[in-house]
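*Asks:* sequence plus predicted model, see below.
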Amino acid sequence: MAVEIVYRSSRDPERLFMDKAQADRHDKMLELAETLAEVLQSAVPGLGEQLADDVSIYMARHRDIFAKAFKSSPDALAELTSDAAAEA
């Protein structure tokens, strides 16, 4: 019988990871998304909770690209639109 060590995300208990670092990154991403959702909902009164969650998770998953765009290179967002076009 083999023993396998898995790590569970504390913010998303259904997700299992084979690596602790991956589980930690996922938790940090979800923490950022939660904060983003709160900010978006307070800034945009008509924004629904589900849409705010979806947008904030998307932004948190692609935080490096958004950070680059906000910092100095708005053209970095083109990478996201080309990825979306490829998926469709």
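*Replies:* Structure received.

*Asks:* pull out the buried positions in stretch 5-24.
*Replies:* Under the neighbour-count criterion of 16 or more other Cβ atoms under 10 Å, stretch 5-24 has 7, 9, 17, 23 buried. Every residue, glycine included, has its C-beta placed from N, CA and C.

*Asks:* next one: stretch 71-84
*Replies:* Within stretch 71-84, the residues that count as buried by 16+ other Cβ under 10 Å are residue 76.

*Asks:* what does it contact?
*Replies:* For stretch 71-84, contacts defined as Cβ atoms under 8 Å, 6 or more residues apart in numbering pick out 62, 65, 66, 68, 69.

*Asks:* okay, buried residues for the lengthiest helix in the chain please.
*Replies:* Scanning the chain for the helix with the most residues, using DSSP state H, yields helix 20-43. Within helix 20-43, the residues that count as buried by 16+ other Cβ under 10 Å are 23, 26, 27, 29, 30, 32, 33, 36, 37, 40, 41.

*Asks:* tell me which other helices or strands it touches.
*Replies:* strand 7-8, helix 49-61 (3 or more Cβ pairs under 8 Å, 6 or more residues apart in numbering; DSSP states H and E).

*Asks:* if you set the cut-off to 6 Å instead, what comes out?
*Replies:* helix 49-61 (3 or more Cβ pairs under 6 Å, 6 or more residues apart in numbering; DSSP states H and E).

*Asks:* buried set for the helix it packs on?
*Replies:* Going by 16+ other Cβ under 10 Å, helix 49-61 has these buried residues: 52, 53, 55, 56, 57, 59, 60.

*Asks:* circling back: just want the angle from the longest helix of the chain to helix 49-61.
*Replies:* 130 degrees (axes from the mean of the first three to the mean of the last three Cα atoms, to 10 degrees).
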